[in-house]
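Chemist: What follows is a predicted protein model with its sequence.
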Amino acid sequence: MSIRGEYWWVHLHANGINWARCFTGETIPRQQGSCAEIVAIPAPAGARLVLCVPGDRARIHKVSLPVRNRKRFLQALPFALEDQLLHEPASYHLVPLQTDRGVQDVPVVVIEHAYLRGLLEQYKQSGWQVSMLVPDYLAIPAPDPGVWLIDASTPPLLLRMPGRQGAVLAGGPGTQTIGTLLLALEQANPPPQLLRVRVADHQQYKTVSAWSDALTSRNIQLDIFLDERPRSAWLACQPLPDPGTNLLAGPYANRDRQGLNLHRLLPATVMLAVLIVISAIHWLVNGAKLQSEHLQLQQSIEATYRQAFPAAKNLVDPRFQMEQEIKSLVENSQSGNNRLDLLARLELLSGVLVANPDAQLQMINFDGSSITLEVSVADYESLELLQGQLAQFTSVDIENAELKDGRVYGRIRLGGQV
C-alpha cells in the first residue's frame, strides 16, 4: 500500500527496538531513538507504523509450480513447501512476491502465524495502525540487475538481491568469505557481476577487502563503501519499502486502513455529493424553464401562422410551413403571368369600396391567383354598380346574390388578369 505524509519506522532486532519519525519524500527522519519495549515507542495514538522485523523470522523460499491461476497457486503452496518447513504448513503465513513475467521460480515469504499475530496484537493494543510489515533485508532498496548488496555493519549480514529477493547470512564479516554467501553465489542463476558491501568502520573495510580473491575467481567484482551509521539509522533513511513486499496480505490485509481512508475522505465525499445534488437541481430548474419558454414560443408561432393563414388546416411545423407560404407568395408575385401583387390589388379594391360607402365588406379571401369578396349592399342595382366599377381593373364574376333582412349579400370573384 502507498503511504503519504507522516509515518513511524520501527526496527525490531535482537538488542531492542529502534524507531524514527519520518515523512514521505524526506531522506532524514525528524526524530529517532531506541527503546527496550514496544510500549515505550513515543508514537501518538492512531500513528501509522512501518515495522521492520528480523530477517530470520521471515525467510524466502523459491517455488516453481506450473499453475498460472493465482487461487490454485495459493492452494498448492503448502504442499510445495511442506518438505522445507519445520512445522505444519498451516502454522505459517505464506506470501508470494510478484516477479517479472516469464520468471519460473516465485519467491515466497514464510513467517509463523503465532509470531505475526502476537506482534500485531501488541501494536494494536497501543492504538497504532501497522501499515506495512517487511523483513529487514527487504527494507533495503533493490539494487540494479547484476548487483548484490550486503549490509555487513553488524551481524547477521543482510543480503539484498535484484527484484524482490533477499536473505539473512548468519555470522559477521571475517577475513574468509562466509560460507552462506559462497553457497548463495553457487546457487544463483545468473550469478551477480558486482557485490557491493556496506561496512561501518575501517576495520570492517579491511576485513571485507580480503574477500576480493575468492570473488575474483568467480568473475565477481567487489565494491565496499563505508557508512558509519548504525543499521537501524541507515534503514530509516532509505525510501519506503516496495509495497509488493508487504507481508500484511491475505488474512492480515489492513482493512482498518481502508476504513480510515474512507473516514478521512468522508467530508470531501459529502461536499461533492451536495455539489452534485445542487447542480442536478439547478439543471432541472433551468431545463424546466427552457421547456416552458420553448412551449410558449411554439404556441406564439402557431398563433401567428393561423392568423396569417386562417385557411390552413394541418399544422405540423408552423415555422417551416410559414416559410413555404411566404416563399410561394413571393414567387407568385414575381412570376410573369401578369398577376397583380396582393397589396396592389387591395389598394385598388379599397378605392372602389371607399367610393361606395353603402357597400359593406364581410370577408376577403385570396387563393394565390384570385380574390373573393363577400359584400353587403342596399339592393341589386348597387351590386351591379359595384361590379361595373371593379370590372374596370379585372374580370369580375358574381357567384352568388341573395336578399336577406332588407339588404343584398353577394359573393364577387375577381380574376388575376389586369
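Modeler: That came in fine, so what should we check first? What you see is a predicted model, and the numbers here were worked out from it, not measured in a lab.

Chemist: Let me see the mean pLDDT of whichever helix or strand residue 123 is part of.
Modeler: Using DSSP states H and E, the element containing residue 123 is helix 113-125. Helix 113-125 shows a mean pLDDT of 93.

Chemist: so how many other residues sit close to the closest residue in space to residue 191 that isn't next to it in sequence?
Modeler: Spatial nearest neighbour of residue 191, excluding adjacent residues (C-beta to C-beta, 6 or more residues apart in numbering): residue 185 at 5.6 Å. C-beta here means a position set from N, CA and C on the backbone, and glycine is covered the same way. Neighbour count for residue 185, taken as other C-beta atoms under 10 Å: 17.

Chemist: Residue 185 contacts residue 218, doesn't it?
Modeler: Yes: using C-beta atoms under 8 Å, residue 185 makes contact with residue 218 at a distance of 6.3 Å.

Chemist: Need the overlap of contacts for these two.
Modeler: Common neighbours of residue 185 and residue 218 (criterion: C-beta atoms under 8 Å, 6 or more residues apart in numbering): residue 191.

Chemist: ok and the helix ranked longest in the chain relative to helix 113-125, angle-wise?
Modeler: In the chain, with assignment by DSSP state H, the single longest helix is helix 255-308. On the basis of axes from the mean of the first three to the mean of the last three C-alpha atoms, to 10 degrees, helix 255-308 is oriented at 70 degrees to helix 113-125.

Chemist: What is helix 255-308 packed up against?
Modeler: Packed against helix 255-308, as judged by 3 or more C-beta pairs under 8 Å, 6 or more residues apart in numbering; DSSP states H and E, are the following elements: strand 129-135, helix 318-334.

Chemist: which of the ones you listed sits most buried?
Modeler: Mean neighbours per residue, mean count of other C-beta atoms under 10 Å, is largest over the helices and strands packed on helix 255-308 for strand 129-135, with a mean of 23.

Chemist: Any buried residues in the helix or strand in which the residue nearest to residue 191 is found, and which?
Modeler: If you go by DSSP H and E, residue 185 is part of helix 179-187. Within helix 179-187, the residues scored as buried using 16 or more other C-beta atoms under 10 Å are 180, 181, 184, 185.

Chemist: Next, the angle from the longest helix of the chain to strand 129-135.
Modeler: 120 degrees.

Chemist: tell me the mean pLDDT over helix 255-308?
Modeler: Mean predicted lDDT for helix 255-308 stands at 78.

Chemist: what does stretch 322-336 give?
Modeler: 66.

Chemist: Repeat that for stretch 354-362.
Modeler: 84.

Chemist: Now do it: distance from first to last residue.
Modeler: 14 Å (C-alpha to C-alpha, to the nearest Å).

Chemist: how about it: buried residues?
Modeler: In stretch 354-362, counting by 16+ other C-beta under 10 Å, buried: residue 359.

Chemist: Disregarding residues adjacent in the polypeptide, which is nearest to residue 237?
Modeler: residue 27 is the one closest to residue 237 (C-beta to C-beta, 6+ apart), at 5.6 Å.

Chemist: what do you get for residue 135?
Modeler: Of all residues not flanking residue 135 in the chain, residue 58 sits nearest, at 4.0 Å (C-beta to C-beta, 6+ apart).

Chemist: burial of the one you found, as a residue count?
Modeler: Count around residue 58 with other C-beta under 10 Å applied: 26.

Chemist: Ok, the one 5 residues further on next?
Modeler: Residue crowding around residue 63 was assessed by other C-beta under 10 Å; the count is 18.

Chemist: Which strands or helices does the helix or strand following the helix holding residue 185 pack on?
Modeler: Helices and strands here follow DSSP H and E; after helix 179-187, the next one along the chain is strand 194-199. Where contact means 3+ C-beta pairs under 8 Å, 6+ apart, strand 194-199 is packed against strand 147-151, helix 202-209, strand 221-226.

Chemist: Right, I'll call it a day here.
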